[in-house]
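Chemist: Kindly generate the corresponding structure for this input.
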Amino acid sequence: MAIRSDIACADGLSPLWTTADTSAPLLKRTPWARTERLPAGGLLQQQSPPGPQRRRRTEAPQDRDVRHSAAMKPDPEPWYSTTLNVWTLAGVLVASWTLIKALTEGWRRTVGRRRYVTARLRKVSPGVRHDYVESLLGEPKWQSTMHCTRIPPLEHEEADDEEWTVDLTVRTWLLSNLCYLVTWCEDDIVVMYGITTTSPWFRPWVRVHETRVRLGKSTFADLADSAVVHRAWLGNRRYGYFEEHYFGNVGGYRSWYVGVNDFGYNAFPVAPDWFDDSDIRHSQLLPDKREGYREMAPINTIVISGIALYEEVRDGTFFGISLGVDQDLVRLAGPEYHVLDSRVGRAHRRIRAWRWHWRCRRRDWRYRRWEKRHQARQDQ
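Modeler: Model prediction:
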């Protein structure tokens, strides 16, 4: 039995017994009726016989159909469309991709630049191609060429030196104003590479064989001092110091050069009276002075070399007066050396002069403090 709705109750309609069977005959009396997929008014007009009395009865269902049609309103159209639109989908994908790239680039240049640079430097090693390094870090900012003499085999020692002369390409990158990367390449193959930190915000951990060293903080005393070749230099404005560590097959036949670069962060110069006068090259420090310097000076540069069979490497003159980045090459791009004068350039020049005097005073103070500690240990 059908249940009357609120509209049916308001119109005074009575419930009918309904059936969905198409073979059921149409009854001429209520409460039995047959339902079809036709409007109520048209069905009654088609099945009802003509006559005034029946005509009056058929008027009511027509009026009710009209009133029901007026009472039922269609649902409002939604503000969105569920129809697949190819151009709209393409626009959303392009906008999403652009937003992701912008956020990634912003993260690399601000908060995540240290992690980004460190992740790229981990993939550099001796023996890789220069094109691979360039794909990681982009094009180098500086590039130069140096001539070296390869060590000939024993059976060719009497050959002319010009036959064993090779050209090495030196490329330098400035990475996010945090550090400098220098590579020495022969035939576009990386022979050695060096990292110089220039910011207190970039002090990565590096491994010298089995010892962990933090650039810009760890001192030379953290490394063993057995059979270590060292070299130091001091000029009017240039200075530096480095040590060579070699571990043979255990270290993969690699050489580690750790030292102080005068253009790096927390650089610590040597004093003029620390050099050994008996050395002809004037590049060796006195034993006690060197011991104090190793305990005071932090390491800001490391160079990792593969098998580099060059006369200059064996003689200790390969790096010249700069381990890693060359200050005379890269400093001309700084604001203090711009041809067009500016307030920023003048401020940088004052800061550089003040920094040099401050480093010298700090060196003297640290050395006096080390002498007091060393004297106290001897007295005990």
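Chemist: so what's Pro298 up against?
Modeler: 216-219, 260, 266, 268 (Cβ atoms under 8 Å, 6 or more residues apart in numbering). In short, each C-beta sits where N, CA and C put it, glycine included.
Chemist: again, 10 Å this time
Modeler: By Cβ atoms under 10 Å, 6 or more residues apart in numbering, the contact list for Pro298 reads 197, 203, 213-220, 222, 260, 264-268.
Chemist: do you know how far the nearest residue to Asp276 once chain neighbours are set aside is from Gly252?
Modeler: Computed as Cβ to Cβ, 6 or more residues apart in numbering, the closest residue to Asp276 that is not its neighbour in sequence is Gln284, at 4.6 Å. Plainly put, Gln284 is 29 Å away from Gly252 if you go by Cβ to Cβ, to the nearest Å.
Chemist: ok, the two, which is more surrounded?
Modeler: More crowded of Gln284 and Gly252, by other Cβ atoms under 10 Å: Gln284, with 18 against 13.
Chemist: Is that one in contact with Glu243, as I believe?
Modeler: No: here Gln284 does not reach Glu243: they are 11.9 Å apart, not a contact under Cβ atoms under 10 Å.
Chemist: quick one: common contacting residues for these two?
Modeler: Overlap of the contact sets of Gln284 and Glu243 (by Cβ under 10 Å, 6+ apart) consists of 229-232, 290.
Chemist: can you pick the most crowded of the residues you listed?
Modeler: Neighbour counts for the shared contacts of Gln284 and Glu243 peak at Ala232, which has 24 neighbours (criterion: other Cβ under 10 Å).
Chemist: How about Leu137, nearest residue that isn't a chain neighbour?
Modeler: Distances taken as Cβ to Cβ, 6+ apart put Trp173 closest to Leu137, at 5.3 Å, once the chain neighbours are dropped.
Chemist: what is the one you found paired to in the beta sheet?
Modeler: Beta-bridge partners for Trp173, by DSSP bridges, are Leu181.
Chemist: Quick check: which element contains Ala90?
Modeler: helix 86-109 (DSSP states H and E).
Chemist: After that helix, which helix or strand is next? Please name it.
Modeler: Downstream of helix 86-109 (by DSSP H and E), the next one is helix 113-121.
Chemist: Tell me the buried residues in that next one?
Modeler: Burial within helix 113-121, assessed by neighbour count using 16 or more other Cβ atoms under 10 Å, is assigned to 113-114, 116-117, 120-121.
Chemist: Relative to Arg349, which of those is nearest.
Modeler: Arg113 (27.0 Å; Cβ to Cβ).
Chemist: who's in contact with the closest one?
Modeler: Contact analysis of Arg113 by Cβ under 10 Å, 6+ apart lists 107, 175-178, 201-202.
Chemist: Out of the residues you listed, list just those in strands.
Modeler: Among these, DSSP state E puts Leu175 in strands.
Chemist: Throw together a PyMOL command that grabs the buried residues out of the contacts of Arg113.
Modeler: In PyMOL, this line selects whichever of those come out buried by 16+ other Cβ under 10 Å:
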select buried, resi 175+176+178+202
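Chemist: Nearest residue to the middle of the protein?
Modeler: Closest residue to the average C-alpha location of the chain: Tyr116 at 2.0 Å, with Cα atoms, centre = their mean.
Chemist: What distance do you get for that one to Lys101?
Modeler: 14 Å.
Chemist: what does Arg114 give?
Modeler: Remark: distance between Arg114 and Lys101 (Cβ to Cβ) = 21 Å.
Chemist: Show me the helices in the stretch 151-300 of the chain, by range?
Modeler: 287-296 (DSSP state H, counting those that start in this stretch).
Chemist: now the strands: where do they sit in it?
Modeler: 165-175, 179-186, 189-197, 205-208, 211-214, 229-234, 239-246, 255-261 (DSSP state E, counting those that start in this stretch).
Chemist: Show me the shaky parts of the stretch 201-350 of the chain.
Modeler: Low-confidence segments of the stretch 201-350 of the chain, defined by pLDDT under 70: 227, 336.
Chemist: Val344 is nearest to which of the strands of the stretch 151-300 of the chain?
Modeler: Using Cβ to Cβ, the strands of the stretch 151-300 of the chain put strand 165-175 closest to Val344, at 17.5 Å.
Chemist: packing partners for the closest one?
Modeler: helix 113-121, helix 130-137, strand 142-149, strand 179-186, strand 189-197, helix 327-330 (3 or more Cβ pairs under 10 Å, 6 or more residues apart in numbering; DSSP states H and E).
Chemist: what do you get if the cut-off is 8 Å, keeping everything else the same?
Modeler: Under the contact definition 3 or more Cβ pairs under 8 Å, 6 or more residues apart in numbering; DSSP states H and E, strand 165-175 sits against helix 113-121, helix 130-137, strand 142-149, strand 179-186, helix 327-330.
Chemist: Kindly export the shortest one (C-alpha atoms) in PDB.
Modeler: What it means is helix 327-330. Presented in PDB, the C-alpha positions along helix 327-330 are these (Å, rounded to 0.1, in the frame of the first residue of the first chain):
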ATOM      1  CA  GLN A 327      93.200  34.300  -4.000                       C
ATOM      2  CA  ASP A 328      94.800  36.400  -6.700                       C
ATOM      3  CA  LEU A 329      92.400  34.800  -9.300                       C
ATOM      4  CA  VAL A 330      89.100  35.000  -7.500                       C
END
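Chemist: what's that helix in contact with?
Modeler: For helix 327-330, the external contacting residues (Cβ under 8 Å, 6+ apart) are 141-142, 144, 172, 174, 180, 238, 261-263, 322.
Chemist: got the angle for the longest helix along the chain vs helix 287-296?
Modeler: Using DSSP state H to define each element, the chain has its longest helix at helix 343-379. Computed with axes from the mean of the first three to the mean of the last three Cα atoms, to 10 degrees, the direction of helix 343-379 lies at 120 degrees from that of helix 287-296.
Chemist: So for helix 343-379, what gets flagged as buried?
Modeler: Across helix 343-379, burial judged by 16+ other Cβ under 10 Å covers 348, 359, 363, 366-367.
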